[in-house]
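Student: sequence below, structure please.
(chains A and B)
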Amino acid sequence: MSSKISSHPRVRFAPSPTGYLHVGGARTALYNYLYAKKNGGEFILRIEDTDEARSTQESLRGVVDDLVWLGLMWDEGVDPVTLKDVGPNGPYRQSERLGIYKEIADKLLKDGKAYYCFMTEAEIEKQKEEAKANGSFAHLQSPYQDWPLEKALERLKTGDKAVVRYKTKGLEKDYIFTDLVRGEVKFPSDMVGDFVLLRSDGMPVYNFCCVVDDHLMKITHVFRAEEHLPNTLRQLMIYEAMNWAVPEFGHMALILDEDRQKLSKRKGAVACGQLKDEGYLASAVLNFIALLGWSDPQGRELLSVEDMKQVFDISRLNPSGAIFDRVKFKWVNAQHLRALPNADLWKAIQPFLAREHMELPQDPAWQGKSLDLFKPYMETLADAIELYRPLNDKAYVILPEAEETLKWEPTKAVLASWKNLVQAHPSDYMTEEEFLKLQDEVKNQTGAKGKHLFMPIRVAVIGKPHGAELKTLVPLMKKSSLVSRAEQALAKA
RNA sequence: GUUCCCAUCGUCUAGGGGCCUAGGACACCUCCCUUUCACGGAGGAUACAGGGGUUCAAAUCCCCUUGGGAACGCCA
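Tutor: As a prediction, this is how the structure comes out:
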């Protein structure tokens, strides 16, 4: 077992297509990506689809789409469109590498480092229960571990099924490696029993493919979640048996829920796709998850991927778990959103407005003006829906929060005066100055001032007493629309 | 149960023996800006889990306790 340090790093992200890409996976992908980009190396996407029962094509599609959305593009792996192999070290889908695993397993078998085990599930279960009854905790003891290979091969011919197990016997020692995130980590070899390499149907198991592929794909650094830390022992054993160089490992702490448990769906969105649907920007997702376990040397809170590529450094990776704080996440998103040029922001909110079938003016100047007004109120792209709704005539409603304002003594007079003056206005849209003047006129006619003047007009415009500034909002609205709204408000006063 | 990992404000974190009466960010509170609400600005409150060492000096190094997490699959 030798170690290797390469000045040309090759890292990988290896999702299993058994679900969506969640933020934990996204962060793992991001750190690997950043490490490769910072150090001029390659980022490889490998698909771990050896669990036939759970892996699906749709899920692979989804994971790939999410990575593309995040902008975490890989140098080798599957093509983002066709999902076909791209790169010189493929295939990159483990389900297409079965022959390779079989070959390596055969070598291990021949070298006596692995053996065929014919134990049935019932037998394994029985052994476990016996150990439990004795109050002891023991690893599986297979009666087949010392069978000569020929004998096992003979039995296989009878049609009996067997798994291939790694033989831990004779390996009693500590396995030590230096984790890039946590320093020296030591595992006693008896921490694991004889683990499975190949299932009885010939499919390989995670720890085995992982080692074979990392070696064959010339991976130099493995950054992955902490839950894989104990797996590292098994993998070290396989590296040793094959006499292969061991890559560097770095295990990142988990991302947790508010209750300090592993992030779960129940507490809110954890899937990248869902975050996207809720109106989060890819740049904000990346910014936020990067800071869950890594910090910028200058202490910046707002970073682009480009910024991160410049300064990413594994020595700043934090070994303790981090809670996914949705409130701060929203703030980060709001900052990214407000930093977007109007044209880009407008484009970004279109899918959300389309959900509500809103028809808004095509004029870019109008769009820019409206965005300038609404931006400070937007935390997610989805917020645009409620912000723009008042501008959409069909959707004008007087909200319950307006009730108190409608009950005020001068409200009725204010609304009537407002309606008449707007109706008398000569053009389709009024300017800010015209609005201010008109508002003064209402004041003169009714004697109402302060909030008694202001809030009723706001209700007549947007259906609620609080919100964006009227002098900016009103010029965005057509006269006919203002009149009809004023009438509706008047009817309720 | 066993093994491994982790431990600074409510949360994300800076810090790596003296620069720490512990810094930043989100959230919170107060004030300013504003004829509303947000945005923005200025302040404020809040943390080294506990106990032992080592040292002239410990948030920082070591040990123990406690707490949390992970893994112990023919899942990855």
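
Student: secondary structure element for A:Asp214?
Tutor: Assigning secondary structure by DSSP states H and E places A:Asp214 in helix A:206-216.

Student: part of a helix, is A:Glu301?
Tutor: No. Applying DSSP: H, G, I helix; E, B strand; the rest coil, one finds A:Glu301 to be coil, outside a helix.

Student: so who does it touch?
Tutor: Residues in contact with A:Glu301 (C-beta atoms under 8 Å, 6 or more residues apart in numbering) are A:291, A:332. In this view, the C-beta of every residue, glycine as well, is placed from N, C-alpha and C.

Student: cool, A:Arg97 as well?
Tutor: Residues counted as contacts of A:Arg97 (C-beta under 8 Å, 6+ apart) are A:91, A:209, A:212-213.

Student: from the residues you listed, list the buried ones, please.
Tutor: In the contacts of A:Arg97, burial by neighbour count holds for A:91, A:209, A:212-213, counting by 16 or more other C-beta atoms under 10 Å.

Student: which of the contacts of A:Arg97 sits closest to RNA strand B?
Tutor: Of all the contacts of A:Arg97, A:Cys209 has the smallest distance to RNA strand B: 7.5 Å, by C-beta to the nearest atom of the strand.

Student: what's the closest non-adjacent residue to that closest one?
Tutor: A:Gln94 (5.1 Å; C-beta to C-beta, 6 or more residues apart in numbering).

Student: OK, contacts around that neighbour?
Tutor: Contacts here follow C-beta under 8 Å, 6+ apart; on that basis A:Gln94 touches A:46-50, A:204, A:209, A:213.

Student: in TSV, list the buried ones among the contacts of A:Arg97 along with pLDDT and distance to RNA strand B.
Tutor: Output for these, formatted as TSV (pLDDT from 0 to 100; distance: C-beta to the nearest atom of the strand, whole Å):
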residue	pLDDT	distance to RNA strand B
A:Pro91	96	15
A:Cys209	96	8
A:Val212	97	13
A:Asp213	97	10
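
Student: output these in TSV, with distance to A:Met191 appended to each entry.
Tutor: Putting the buried ones among the contacts of A:Arg97 into TSV (distance: C-beta to C-beta, whole Å) gives the following:
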residue	distance to A:Met191
A:Pro91	33
A:Cys209	21
A:Val212	22
A:Asp213	24
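
Student: coming back round to it: and the gap between the residue nearest to A:Cys209 and A:Val205?
Tutor: Separation of A:Gln94 from A:Val205 (C-beta to C-beta, to the nearest Å) stands at 11 Å.

Student: of the contacts of A:Gln94, which belong to helices?
Tutor: Residues of the contacts of A:Gln94 located in helices (DSSP state H): A:209, A:213.

Student: which of the contacts of A:Gln94 fall in strands?
Tutor: The members of those all map outside strands under DSSP state E.

Student: which among the contacts of A:Gln94 gets closest to A:Lys412?
Tutor: Checking these against A:Lys412 with C-beta to C-beta, the nearest one is A:Ile47 at 67.4 Å.

Student: tell me the contacts of the residue lying closest to that closest one once chain neighbours are set aside?
Tutor: By the measure of C-beta to C-beta, 6+ apart, the closest residue to A:Ile47 outside its immediate chain neighbours is A:Arg93, 4.3 Å from it. If you count contacts by C-beta under 8 Å, 6+ apart, A:Arg93 has them with A:46-47, A:49, A:78, A:85.

Student: switch to 7 Å and redo it
Tutor: Each residue near A:Arg93 by C-beta atoms under 7 Å, 6 or more residues apart in numbering is listed here: A:47, A:49, A:78.

Student: distance check, it against RNA strand B.
Tutor: The gap separating A:Arg93 from RNA strand B is 11 Å, by C-beta to the nearest atom of the strand, to the nearest Å.

Student: so for that residue, what's the pLDDT?
Tutor: Taken from the predicted model, the pLDDT recorded for A:Arg93 is 96.

Student: for it, give me phi and psi.
Tutor: Dihedral pair for A:Arg93: phi -100, psi 130, per degrees, to the nearest 10.

Student: what's the spacing between it and A:Ser16?
Tutor: Taking C-beta to C-beta as the measure, A:Arg93 falls 11 Å from A:Ser16.
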